[in-house]
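Chemist: Could you work out the structure for the sequence below:
(chains A and B)
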Protein chains: 2
Amino acid sequence: MTAMIDLPTIADVAAAAGRLAGSAVRTPLLENADLNARVGGRVLIKPETLQRTGSFKFRGAGNKIAKLMQAGERPQTILAYSSGNHAQGVAAAARLAGLSALIVMPDDAPAIKIENTRALGAEIVFYDRRTEDREAITELLLRERGGTLVRPYDDPDVIAGQGTVGLEIAEQAHERGAVVDHVLVPCGGGGLTSGIALALSGASPKTRVHPVEPEGFDDTRRSLATGKILGNEPGATSFCDALLAPRPGALTFALNSRLVGEGFAVTDAETTAAMAFAFRTLKLVVEPGGAVALAAVLAGKIDCRKRTICIVLSGGNADPAIFCRAVGGPPPT
Amino acid sequence: MTAMIDLPTIADVAAAAGRLAGSAVRTPLLENADLNARVGGRVLIKPETLQRTGSFKFRGAGNKIAKLMQAGERPQTILAYSSGNHAQGVAAAARLAGLSALIVMPDDAPAIKIENTRALGAEIVFYDRRTEDREAITELLLRERGGTLVRPYDDPDVIAGQGTVGLEIAEQAHERGAVVDHVLVPCGGGGLTSGIALALSGASPKTRVHPVEPEGFDDTRRSLATGKILGNEPGATSFCDALLAPRPGALTFALNSRLVGEGFAVTDAETTAAMAFAFRTLKLVVEPGGAVALAAVLAGKIDCRKRTICIVLSGGNADPAIFCRAVGGPPPT
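Modeler: Okay, the predicted model is just below:
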């Protein structure tokens, strides 16, 4: 590690947990007998679907904004670019702090994410994901209107906030007398994966963390395998709208390359089956990107026999039509 | 209360909790900021959807069967009649005890409940709900094949088992520094309502328990209001398949008439809206009958302002087509 980039530390995750106490939900750690029987091991389920705004993203945004406020900064506006879950996390955290939020979102984001972001009081600027650069649009807005940008993953305070998921996993597994062998984490830009890995490197050093990505968007898996940051091949598609980041972040990859084990990739068909399993058996609403770690376990990407595996369900903001198609309801008309 | 019927006691609920430790899930107590904001109070959510077999019914069946085994009985078969959730609870509890299960189910039960009951190894005998009497069929099977009947609600051990939900509510509310003013409970035959009321009469005597039923099947509400057991008027319909019991049980009504407050009735439209809210905001899969307490809160049947209300989500075994129709997915083709 060089001194050139500012990586968060275990202490930063602990500080984030303190800042988030009272606003973020301490999501439960669940277990399901049918899932355990199916994989022949013990699967602990961390449902960040039950987090404020329906995904883990409130943690990172909440920590970042709370830290700004503690430092005496009071930005006029909080800016963010996001496919939808970070948007909601930022909008909710900004509102709690009494700040306005301005979000740059792709015009093909799921309707539920657009509606929820708006319902949280944020202003939305849309762009075309195929022809426009969201970071350039955001830079322009920052120059025009001022404010503070909260990046979706490549920010030490955002990573530290997401890391509180890892602290809770360690504490809750300990409460039930379990030691987690492997944690599987849905991975887009790598903020949640690196935050959890950082937290567990202190709180449960025997636990191995693994990113899970959609096939065609397994940039983190390939980057970890080769030791350098690789982008996704152009032209791939996936319905996991939350996990389509083009390449690992500089900070997240610096952490992940030191801290995590091999990555896994799952097909959209495997993710669809996982959403249906979550509906039928777990009774949880999980969006496509939130279901990839469950998909990896159900599809046998990792041997769970006689092991304790933790899977993170990272988000539940699924549009009804996409959800119903996945769980075996009738197709959209 | 007369000495003629054998009512369960608070001690029986505590004993049930001991028997169920390790097999029943201690479901979490959840809270959602959007729901709190919407009703202007604090709503604690007890999701028995996350219980083994997807409803609270495993608790009562598990307690009954564990107590039989403790007493040295080892019936050849466990019999039950059920629209589907009790069926799964009995099938799972029988299998855990190494016993076979024989279940009498209506032929129009939701497919998911039939499939899950069969997957748990039970034999199913179907009957026509409109022309046949399930209790008579069950009596005949008992004479022909022997075994022990586990009634769905009018049994002290079943009521005591369901009461463990109430013990957990009291403990989990206490852990977060809350005192619950009102608990709203989905009510069919009254086993869950009376069990929770019994448990809370000891563990949280200031808490008032209220049954919630579908309109047209509000036999418990009307029976409580008049002080005597009234059946439902014939001809009513509701999609809350789990809550269509014809009249309150003798034991459950004896308890409820002493222990619970007024009942509430909700329309199927209100229940549909509650299922959609659970999908969109809580990210929980709730079946129609499991959603009526949430429906009562959302529809303003009880004033939640500045109060702490607990709602039980009693089951999540929804067929995909019914679920998707409710949550705004496309209609079935």
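
Chemist: Show me which helix runs longest in chain A.
Modeler: Identified as the longest helix of chain A according to DSSP state H is helix A:156-175.

Chemist: separation between A:V185 and A:K64?
Modeler: Distance of A:V185 to A:K64, given as C-beta to C-beta, to the nearest Å: 20 Å. (C-beta placed from N, C-alpha, C; glycine too.)

Chemist: who has more neighbours, the two?
Modeler: A:V185 (31 against 28; other C-beta atoms under 10 Å in any protein chain shown).

Chemist: Tell me where the stretch 1-150 of chain A has helices.
Modeler: Assigned by DSSP state H, counting those that start in this stretch, the helices in the stretch 1-150 of chain A fall at A:10-20, A:33-39, A:57-70, A:85-96, A:111-119, A:134-145.

Chemist: Looking at the ones you listed, which one is packed in the most?
Modeler: Greatest average neighbour count among those goes to helix A:85-96 (a mean of 29), per mean count of other C-beta atoms under 10 Å in any protein chain shown.

Chemist: Show me how far it is from its chain's centre.
Modeler: 14 Å (C-alpha atoms, centre = their mean, to the nearest Å).

Chemist: Compute the inter-axis angle for it and helix A:10-20.
Modeler: Helix A:85-96 and helix A:10-20 are oriented at 60 degrees to each other (axes from the mean of the first three to the mean of the last three C-alpha atoms, to 10 degrees).

Chemist: can you give me the mean pLDDT across helix A:85-96?
Modeler: Per-region confidence: helix A:85-96 scores 97 on mean pLDDT.

Chemist: Can you list the helices and strands that that helix packs against?
Modeler: Counting contacts by 3 or more C-beta pairs under 8 Å, 6 or more residues apart in numbering or on different chains; DSSP states H and E, helix A:85-96 packs against helix A:57-70, strand A:77-81, strand A:100-106, helix A:111-119.

Chemist: With respect to A:L200, which of these lies nearest?
Modeler: Between A:L200 and those, the tightest spacing by C-beta to C-beta is seen for helix A:57-70, at 15.3 Å.

Chemist: any bit of that closest one sitting next to chain B?
Modeler: No - for helix A:57-70 and chain B, the contact criterion (C-beta under 8 Å from any C-beta of the partner chain) is not met; the two come no nearer than 9.8 Å.

Chemist: Which other helices and strands does that helix contact?
Modeler: The contact analysis (3+ C-beta pairs under 8 Å, 6+ apart) places helix A:57-70 against helix A:10-20, helix A:85-96, helix A:156-175.

Chemist: can you state the direction angle for that helix and helix A:85-96?
Modeler: Using the same axes, to 10 degrees, helix A:57-70 lies at 40 degrees relative to helix A:85-96.

Chemist: CA atoms only for helix A:57-70, dumped as CSV, please.
Modeler: These are the backbone C-alpha positions of helix A:57-70, laid out as CSV (Å, rounded to 0.1, in the frame of the first residue of the first chain):
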residue,chain,number,x,y,z
LYS,A,57,-26.3,2.2,0.8
PHE,A,58,-27.7,4.4,3.7
ARG,A,59,-24.8,3.3,5.8
GLY,A,60,-22.0,4.8,3.6
ALA,A,61,-23.9,7.9,2.7
GLY,A,62,-25.1,8.4,6.3
ASN,A,63,-21.5,8.1,7.7
LYS,A,64,-20.1,10.5,5.1
ILE,A,65,-22.7,13.2,5.7
ALA,A,66,-22.7,12.8,9.5
LYS,A,67,-18.9,13.2,9.4
LEU,A,68,-19.2,16.3,7.3
MET,A,69,-21.6,17.8,9.7
GLN,A,70,-19.5,16.9,12.7
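
Chemist: can you map out the helices along the stretch 151-300 of chain A?
Modeler: According to DSSP H, counting those that start in this stretch, the helices that the stretch 151-300 of chain A contains are A:156-175, A:191-203, A:219-226, A:250-259, A:268-277, A:292-298.

Chemist: Figure out how far the fifth one is from the centre of its chain.
Modeler: What that stands for is helix A:268-277. With C-alpha atoms, centre = their mean, you get 18 Å for helix A:268-277.

Chemist: got the buried residues for that helix?
Modeler: A:D268, A:E270, A:T271, A:T272, A:A273, A:A274, A:M275, A:A276, A:F277 (16 or more other C-beta atoms under 10 Å in any protein chain shown).

Chemist: thinking again about what came up before, of the helices and strands packed on helix A:57-70, which is nearest A:V292?
Modeler: Closest of the helices and strands packed on helix A:57-70 to A:V292 is helix A:85-96, at 13.8 Å (criterion: C-beta to C-beta).

Chemist: Outside of that closest one itself, list whatever touches it.
Modeler: With contacts defined as C-beta atoms under 8 Å, 6 or more residues apart in numbering or on different chains, helix A:85-96 is touched by A:23, A:52-62, A:64-66, A:78, A:80, A:82, A:100-101, A:103, A:105, A:109, A:113, A:116-117, A:120-122, A:124, A:150, A:152, A:242, A:289, A:315, A:317.
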